[in-house]
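>>> mind looking at a prediction? Sequence and model below.
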Amino acid sequence: MKKLLILRHAEAGHSFTGDDHSRTLTQHGQDQARQIGRYLLEFGPWPEMALVSDAMRTRQTCIWISHELGEKAVTPYLDERLYLAASRAMCSVINETPETVQTLLVIAHMPGVQNLSMELASPESDETAVLNMASQWPTAGLAVFDVAKPWAELDGRDAGLSQFITERNLLT
């Protein structure tokens, strides 16, 4: 069973130049990303591949997660197609993942991460996790899916959501 981890970037500040693409993480956002990295290090699964939007806030989220993962961190693949991508576009990028990858981390933006996750969630998904994911997706929210089919065939209602992790979950 493969794992798909879909993460909304950590908290970002406002752009002083008006360029959304270059927004950076706040101190709180850096802390959120490190917290997700520590969670993955302790409980897994460890990503074997990371697809990351090329926006500054997603890249920085990945950097702080990688810092916590240490030698278990992977080199991210920056993909401009994930920047503010719609759910179908995000799914198309995921479909290109090599079958040798067993755990894939995708770091992107709202509303694409939430829309895609809702579309992927199969009837076998954890009901509480789906309801939490549907109601609100905070910064650094992480959906963990079990995927039984090839990446290229993933298209909707075919991945079991096992967990929806937020900062609030990690603090309790």
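Received the coordinates, thanks. Remember, it's a predicted structure, so these values are computed and weren't measured experimentally. Numbers count the residues shown, from 1 in each chain.
>>> where does residue 168 land in three-state SS?
helix (DSSP: H, G, I helix; E, B strand; the rest coil).
>>> could you tell me how many residues sit around it?
11 (other CB atoms under 10 Å). All C-beta atoms are positioned from the backbone trio N, CA, C, and that covers glycine.
>>> check the secondary structure at residue 62 for me.
helix.
>>> residues touching it, list them.
Residues counted as contacts of residue 62 (CB atoms under 8 Å, 6 or more residues apart in numbering) are 33, 50, 52, 76, 107.
>>> and the residues you listed, which are buried?
For those, a burial check counting by 16 or more other CB atoms under 10 Å picks out 33, 50, 52, 76, 107.
>>> the second one looks like it's in a strand, true?
Yes. With three-state DSSP as the criterion, residue 50 is assigned to a strand.
>>> residues contacting it?
With CB under 8 Å, 6+ apart, residue 50 has these contacts: 62, 74, 75, 76, 77, 104, 105, 106, 107.
>>> how about the last one?
Taking CB under 8 Å, 6+ apart, we find residue 107 in contact with 7, 8, 9, 50, 51, 52, 53, 58, 61, 62, 76, 82.
>>> please enumerate the strands of this structure.
Taking DSSP state E, the strands of the chain run over residues 2-8, 49-53, 76-79, 103-108, 142-147, 160-165.
>>> identify the residues contacting stretch 76-85?
20-21, 49-55, 58-59, 62, 66, 89-90, 92-93, 106-109, 112.
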